[in-house]
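# What shape does this take:
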Amino acid sequence: MTPQMLEYARIELTSALMDTSGRTKGQLQAFSEHPPADKDRNPRRPVHVVELEDGRGGTRSVKAENSALYVLETRSRRRPMPPINDYEFAAAPWRRAVNLLPEHGQAWLRYCYGFDLAFLYQTLICEAIWNEHQKHLPAGLLKKTKKRIVSLVWLAVQDVAAGRMNDTYREYAGALLASQLGVSRSTWCEVYGPHWKLLKQAIEELDQQSLEEVINRKQDHIFDEVTA
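Model (predicted):
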């Protein structure tokens with residue numbers, strides 16, 4: 001698949017996975033802040049007594065916790081707003097395609113292009129990258145060295161994701177990473193530098209594979225709709 005097609009998918013996913021839930025308040029929140037109720041017609045009382053028929057020609061009194069309310073019409077326009085706007089409707093095929101991917105592929109796309117910082121997505125991405133990288137670990141690797149390599153996984157994920165969405169982003173320097181691990185620069189170059197490159201390579205492959213699968217899923221869905 002061409003780089004232009006992958007970049008097109010990145011642009012579309014950034015728009016499709018954008019969180020637009022904070023544009024307006026939900027109905028329940030709006031009601032709690034500004035209840036559209038007229039309390040003058042039926043003043044509220046701590047205990048409201050209601051008279052009901054007892055079925056034998058008489059009446060009986062029942063105590064209710066709340067009194068009746070006259071609620072105004074909540075709709076401010078003759079035609080109600082559609083449940084989904086045109087913009088979100090047009091992006092629905094991309095979201096459906098993302099939902100068909102494996103969990104770690106969904107997690108990567110939602111984190112990198114949807115800016116979703118859910119801890120579950122971070123965990124799925126790191127587990128997938130680490131499981132892929134373990135085949136590159138030499139036999140007899142020290143436990144301390146392995147632990148330091150594990151700590152590089154999330155940094156590599158952040159590094160690749162930032163580079164995908166920002167052309168001016170500067171990658172982590174080897175000297176900075178060496179200082180964070182508490183090792184010398186020569187030790188970084190000899191021991192940890194190769195693993196850092198392999199980790200980033202695995203993330204870049206995950207990015208490309210996920211984008212290609214999303215594009216294929218979207219095209220298959222459109223083809224099924226046309227031929228149905």
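# Identify the bridge partners of the spatially closest residue to Val49 that is not a sequence neighbour.
Of all residues not flanking Val49 in the chain, Ser61 sits nearest, at 5.4 Å (Cβ to Cβ, 6 or more residues apart in numbering). Backbone N, C-alpha and C define where each C-beta goes, glycine included. In this entry, Ser61 is beta-bridged to Glu51, by DSSP bridges.
# any idea which residue of this structure is furthest from its center?
Residue distances from the centre of the chain (Cα atoms, centre = their mean) peak at Gly57, which lies 61.9 Å from the mean C-alpha position.
# circling back: pretty sure the residue nearest to Val49 sits against Glu53.
No: with contact defined as Cβ atoms under 8 Å, Ser61 does not count as touching Glu53 (11.5 Å).
# how far does stretch 89-103 stretch from start to finish?
Stretch 89-103 has its terminal residues 24 Å apart, counting by Cα to Cα, to the nearest Å.
# So which bits of that stretch are buried?
For stretch 89-103, a neighbour-count test (16 or more other Cβ atoms under 10 Å) marks Ala91, Pro93, Trp94, Ala97, Val98, Leu101 as buried.
# Equivalent analysis for stretch 194-211, please.
In stretch 194-211, counting by 16+ other Cβ under 10 Å, buried: His195, Trp196, Leu198, Leu199, Lys200, Ala202, Ile203, Leu206, Asp207, Ser210, Leu211.
# quick one: contacts of it?
1, 6, 9-10, 13, 101, 104-105, 108-109, 112, 125, 128-129, 132-133, 136, 149, 152-153, 156-157, 159-160, 164, 177 (Cβ atoms under 8 Å, 6 or more residues apart in numbering).
# Same question for stretch 166-184.
Against stretch 166-184 from outside (Cβ under 8 Å, 6+ apart): 148, 151-152, 155, 159, 162-163, 185, 187-189, 191-193, 196.
# Between the residues you listed, which sits nearest Leu17?
Ala162 (16.8 Å; Cβ to Cβ).
# Leaving out sequence neighbours, find the closest residue to that closest one.
Going by Cβ to Cβ, 6+ apart, Ala162 has Tyr169 as its nearest residue, at 4.8 Å.
# Kindly indicate whether the one you found is helix, strand or coil.
coil (DSSP: H, G, I helix; E, B strand; the rest coil).
# What's the local residue count around it?
By other Cβ atoms under 10 Å, 11 other residues sit near Tyr169.
# give me the low-pLDDT residue ranges for this protein?
Applying pLDDT under 70 to the chain picks out residues 21-48, 64-83, 221-228.
# Spatially central, which residue of it would that be?
Asp116 (3.7 Å).
# how far away is it from Gln158?
14 Å (Cβ to Cβ, to the nearest Å).
# just Lys200 next, same as before
11 Å.
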